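Peer 1: A structural model of the following input is requested.
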Amino acid sequence: MSAGRADERAGQRRISLYALIGLALSVGSFLLPAVPALVTAAGGIILGVLGRRQFKRDPLTGPGWVSLAAIIVGGFVFLSQAVLLATFYFSG
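Peer 2: Residues are numbered from 1 along each chain as shown. Now for the predicted structure:
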């Protein structure tokens, strides 16, 4: 009985913690002011890339959309906040 359960668990997907934390950081960076949002979004991008690499190595580490979402959302926040900071810094 327990051998069957172990086989079922071995075949199940599990979400990469890197990708999950990266997605949480990327989404959470929407709620922060510009400079902390840059740092948090960069962390989300890095963890998303690490989760994507882990997914490429072991396809059982969950759906790939989690790491892609972390990279895309983090990149959007990072670029938009960088443009806003550059605009305010160089226009003043």
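
Peer 1: per-residue confidence at Ala42?
Peer 2: Ala42 is assigned a pLDDT of 97 by the prediction.

Peer 1: Next: Ser2.
Peer 2: pLDDT, read off for Ser2, is 58.

Peer 1: Break down the chain into its helices, ranges please.
Peer 2: Using DSSP state H, the helices of the chain run over 2-11, 17-28, 34-57, 64-91.

Peer 1: and stretch 34-54, how far out from the chain's middle?
Peer 2: 6 Å (CA atoms, centre = their mean, to the nearest Å).

Peer 1: Can you give me the buried ones in it?
Peer 2: 37-38, 40-52, 54 (16 or more other CB atoms under 10 Å). Heads up, the C-betas are built off the backbone N, CA and C, glycines and all.

Peer 1: thinking again about what came up before, could you say which of the helices of the chain is packed most deeply?
Peer 2: Mean neighbour count, computed with mean count of other CB atoms under 10 Å, is highest for helix 17-28 among the helices of the chain, reaching a mean of 21.

Peer 1: What's the local residue count around Leu31?
Peer 2: 9 (other CB atoms under 10 Å).

Peer 1: Next one: it from Gln81, what distance?
Peer 2: 12 Å (CB to CB, to the nearest Å).

Peer 1: from the buried residues of stretch 34-54, which is closest to Ala24?
Peer 2: Proximity of those to Ala24 was ranked by CB to CB; the top entry is Gly44 with 7.8 Å.
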